[in-house]
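Participant: Build the 3D model from these lines:
(one chain, ligands or ions: 1)
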Amino acid sequence: MTNVSAPIKTHSVDVKLSNLLKIFPTHDGSEDFYAVNEIELDIKAGELVTLLGPSGCGKTTTLRMLAGFELPTSGSIHIGADNVTNVPPNKRNVAMVFQSYALFPHLSVFENIAYGLKINNVPKGEVIDRTFKVISLMHLEEFKDRLPSQLSGGQQQRVALARAIVTEPRVLLFDEPLSNLDAKLREYMRDELRKIQQRLGITSLYVTHDQTEAMAISDKVVIMNHGKIQQADNPIDIYTRPNNHFVAGFMGKANFLHGVVKDVKDKKAIINILGQTISVSVNDKVKLSENGPVDCVTRPEFWELSEEGKFNGEITRVIYLGNHVEYEVALGDETITMMDFEHYKHGIKQEGERIKLHLKEECVSLLPPRKEYVKEGLV
Ligand SMILES: Nc1ncnc2c1ncn2[C@@H]1O[C@H](COP(=O)(O)OP(=O)(O)OP(=O)(O)O)[C@@H](O)[C@H]1O
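Facilitator: A predicted model of the protein is given here:
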């Protein structure tokens, strides 16, 4: 008899990418293209790590190297204690979930899920047992006899995930798995996927374009640009303590305001911005010198409309977004974007209105001024 209550076996292993480089030759042979440029990445056993960055930054190439579909130019890949750098994909014991689902159209849900076990010559009784366990885990019982064409996009993606899990892989790889789903289903599937991943404790690497998705599901977010890792941190630190302007600007909206350091004492810096003085916590991302320049990262939600606010501005644009209103505000020579979540209390402001703003100074983070960064080639 099928025992669907016994747990699905999982392996929890660390993954280590060391000095990983991938150079593609260009079509005209003129210059080599560094798609992934000497990256270092540790994924701890059971963690879900997301690669996030603009199109062409090297996310998929990194994922494909871990899967074994692409050989690195140099560097190494370890899964657990095994150096798998030159091991073929089918010997790595990793499974991948694709954006396109990649289900066999002529096989039923059950057969699709069982397929990977059958081709690995798993005994018939065990194939049935393991397939039913995963069908139960993924709540696919009522669909087990249907063809993929008789399922919605979300249901097909659940089958694709079931098919990956059933092989009991050491690592799960996700290549933008939710991109074909509409916004609501995408959110639902994102939460389901994270729950299953945590429940099974499978070490996972996940590629996405979507900042919110990355924050919602990840233990660690890795921001890439031009083949290099810009920052690898937990979602809170990525958002609140960005390493550079690129990370700050990629992870949500950021207003960069030029400031001058007036004083540094007890981990607090007094900074002049926009003709006013603010007090900000010092971080290790920037060396501060008295009267030296610094950039202040202020997120739109750090600004509040307040009669007691010390910043005077004029509204130059109003965008109503339901649960909040986004305003563009001219503050002297600078323009910032701010969000107002309390418009239902005090009404919506109009373009041209003069306002006073309060800045939540304790939230502001500091970066070296952008020019130095550009010179150092960091952005
Ligand atoms: N086989 C290949 N030959 C030549 N160049 C390639 C090859 N595969 C990828 N590239 C290039 O390497 C760079 C990184 O590609 P990759 O697919 O890793 O980016 P990505 O961050 O996943 O982008 P996207 O979000 O658009 O999928 C791109 O500029 C791409 O054109």
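Participant: Look up how far Lys59 lies from the residue of the stretch 201-350 of the chain found nearest the ligand.
Facilitator: Of all residues in the stretch 201-350 of the chain, the one sitting closest to the ligand is His209 (5.7 Å; Cβ to the nearest ligand atom). In short, each C-beta sits where N, CA and C put it, glycine included. Counting by Cβ to Cβ, to the nearest Å, the separation of His209 from Lys59 is 9 Å.
Participant: can you check Val84 too?
Facilitator: Counting by Cβ to Cβ - Val84 and Lys59 are separated by 20 Å.
Participant: ditto for Lys310
Facilitator: Taking Cβ to Cβ, one finds Lys310 at 42 Å from Lys59.
Participant: Quick one: distance of stretch 310-323 to the chain centre.
Facilitator: Here stretch 310-323 shows a centroid-to-chain-centroid distance of 29 Å under the convention Cα atoms, centre = their mean, to the nearest Å.
Participant: So for it, mean pLDDT?
Facilitator: Regarding stretch 310-323, the rounded mean pLDDT is 96.
Participant: quick one on the thing from earlier: who has more neighbours, His209 and Lys59?
Facilitator: Lys59 (26 against 14; other Cβ atoms under 10 Å).
Participant: okay but the more buried one is in contact with Val49, surely?
Facilitator: No: between Lys59 and Val49 there is no contact under Cβ atoms under 8 Å: 11.5 Å.
Participant: Can you name the next helix or strand after the helix ranked longest in the chain?
Facilitator: Looking across the chain with DSSP state H, the single longest helix is helix 183-200. Where DSSP states H and E defines the elements, the next helix or strand beyond helix 183-200 is strand 203-208.
Participant: other SSEs contacting that next one?
Facilitator: In this structure, strand 203-208 packs against strand 32-43, strand 48-52, helix 59-67, strand 171-175, helix 211-217, with contacts taken as 3 or more Cβ pairs under 8 Å, 6 or more residues apart in numbering; DSSP states H and E.
Participant: how about these in CSV, adding distance to the ligand?
Facilitator: Output for the helices and strands packed on strand 203-208, formatted as CSV (distance: least, Cβ to the nearest ligand atom, whole Å):
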stretch, distance to the ligand
strand 32-43, 3
strand 48-52, 8
helix 59-67, 3
strand 171-175, 8
helix 211-217, 13
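Participant: Same list (these) but as CSV, adding mean pLDDT.
Facilitator: Shown next, in CSV, are the helices and strands packed on strand 203-208 (pLDDT from 0 to 100):
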stretch, mean pLDDT
strand 32-43, 94
strand 48-52, 97
helix 59-67, 97
strand 171-175, 95
helix 211-217, 94
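Participant: want to try a markdown table for those, with distance to Met138 as columns?
Facilitator: As requested, the helices and strands packed on strand 203-208 are exported to a markdown table (distance: least, Cβ to Cβ, whole Å):
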| stretch | distance to Met138 |
| --- | --- |
| strand 32-43 | 24 |
| strand 48-52 | 17 |
| helix 59-67 | 22 |
| strand 171-175 | 14 |
| helix 211-217 | 17 |
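Participant: residue contacts, Leu359?
Facilitator: Counting by Cβ atoms under 8 Å, 6 or more residues apart in numbering, Leu359 touches 278, 298, 302-304, 309-311.
Participant: That one pairs with what?
Facilitator: Trp303 (DSSP bridges).
Participant: Roughly how far does it sit from the ligand?
Facilitator: 35 Å (Cβ to the nearest ligand atom, to the nearest Å).
Participant: Got the confidence number for that residue?
Facilitator: 97.
Participant: will you turn the contacts of Leu359 into JSON lines that also has neighbour count and distance to the ligand?
Facilitator: JSON lines is the format used below for those (neighbours: other Cβ atoms under 10 Å; distance: Cβ to the nearest ligand atom, whole Å):
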{"residue": "Ile278", "neighbour count": "22", "distance to the ligand": "37"}
{"residue": "Thr298", "neighbour count": "26", "distance to the ligand": "28"}
{"residue": "Phe302", "neighbour count": "22", "distance to the ligand": "30"}
{"residue": "Trp303", "neighbour count": "25", "distance to the ligand": "32"}
{"residue": "Glu304", "neighbour count": "17", "distance to the ligand": "36"}
{"residue": "Gly309", "neighbour count": "16", "distance to the ligand": "40"}
{"residue": "Lys310", "neighbour count": "14", "distance to the ligand": "42"}
{"residue": "Phe311", "neighbour count": "20", "distance to the ligand": "38"}
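Participant: wait, which of the residues you listed is closest to Pro148?
Facilitator: Each of the contacts of Leu359 was scored against Pro148 by Cβ to Cβ, and Phe302 proved nearest at 46.7 Å.
Participant: The closest one contacts Val364, doesn't it?
Facilitator: Yes: taking Cβ under 8 Å as the definition, Phe302 is a contact partner of Val364 at 6.6 Å.
Participant: re the thing from before, so what sits against both of His209 and Lys59?
Facilitator: With Cβ under 8 Å, 6+ apart, His209 and Lys59 have common neighbours Leu52.
Participant: Right, I'll call it a day here.
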